[in-house]
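[1] task: produce atomic coordinates for the following.
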Amino acid sequence: MAQGDHLILVIEDEQPIRRFLRASLANEGYRFNEAGSGEEGLRIASRQPPDLVILDLGLPDMDGQDVLQRLREWLTAPIIVLSARDQEQQKINALDSGADDYVTKPFGIGELLARMRTALRHAHQTVPTSSLITIGDLRADLAARLVFRCNEEVHLTPLEYKLLMTMLRHSGKVLTHRFLLKEVWGPLDSHETHYLRVFVASLRRKLEDDPARPRYILTEQGVGYRFAAE
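    Model (predicted):
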């Protein structure tokens, strides 16, 4: 799908931000709908389903988290939340509820556009017919349960492999600590974030050229991790 065919819905109560986004997205060739409240956004989304939603969490009529949950009852399109700096827990809650990414206010349009392109690209990917996943110099053979870096096999423990596969399946998307812990260790360990830090550090040592400056497994401070899609 060409970029100009994508319809973006912005749900944001601050008119200057909507005006800025309208001009910026139009300049990039996107089609654009906008709403100044949660209820208006839900109505517009139901009448003309968007390809991507930009959702402010601080809306005048209802909590952005409630808007997100109602959209996720039927909408599969990516949702990027806008969040103020002091709303870290709201960001985490939104990501756990199905948001694909978040952008912190104040934000740069370049960062937002990059996040949008990644979310849209992954939303329109077809299911691969091959069991191979290749990102950069990493290659995972899902059928054989093998991982290679620069064509050399990387030896992973079962838990390291499970964590890596979870990240690869959701590459490009922010994954919260709680989500990763539940997926890899189960619900009883969903608050044991030290498990995650230890295993992420181990994966970085095995997969990254410079574990202190990772290329693939990126930290989203206070929230979780993102496996770089490119």
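[2] in space, what's closest to the residue most central in space within the chain - neighbours in sequence excluded?
    By C-alpha atoms, centre = their mean, the mean C-alpha position of the chain lies nearest to Lys173, the distance being 2.7 Å. Spatial nearest neighbour of Lys173, chain neighbours left out: Asp100 (5.5 Å); criterion: C-beta to C-beta, 6 or more residues apart in numbering. C-beta: built from backbone N, CA, C; applies to glycine.
[3] OK, contacts around the one you found?
    Shown in contact with Asp100 (C-beta atoms under 8 Å, 6 or more residues apart in numbering): Pro78, Ile79, Ile80, Ala119, Lys173, Val174.
[4] Asp56 too?
    The contact partners of Asp56, taken as C-beta under 8 Å, 6+ apart, are Ile11, Glu12, Asp13, Glu14, Ile17, Gly64, Val81, Leu82.
[5] again, 7 Å this time
    Ile11, Glu12, Asp13, Gly64, Leu82 (C-beta atoms under 7 Å, 6 or more residues apart in numbering).
[6] ok, those vs Gly110, which is closest?
    Among the contacts of Asp56, Leu82 lies closest to Gly110 (C-beta to C-beta), at 15.4 Å.
[7] wait, that closest one sits on Pro106?
    No - using C-beta atoms under 7 Å, Leu82 makes no contact with Pro106, being 10.0 Å away.
[8] of these two, who's got more company?
    Each of Leu82 and Pro106 has its neighbours counted (other C-beta atoms under 10 Å); Leu82 has more, 25 against 8.
[9] ok, that one to Arg18 distance?
    11 Å (C-beta to C-beta, to the nearest Å).
[10] next: Val53.
    In terms of C-beta to C-beta, Val53 sits 13 Å off from Arg18.
[11] show me the domain layout of this structure.
    Using automatic domain parsing, the domain ranges for the chain come out as 3-123, 132-227.
[12] for this protein, which segments count as helices?
    Using DSSP state H, the helices of the chain run over residues 15-27, 38-47, 64-72, 88-96, 109-123, 158-169, 177-185, 193-207.
[13] the residue of the chain most remote from its centre bridge partners, please.
    Most distant residue from the mean C-alpha position of the chain: Glu152, 29.3 Å away (C-alpha atoms, centre = their mean). On the basis of DSSP bridges, Glu152 takes part in beta bridges with Arg149.
[14] circling back: please say which of Val53 and Arg18 ends up with more neighbours.
    Ranked by neighbour count (other C-beta under 10 Å), Val53 and Arg18 place Val53 first, with 28 against 19.
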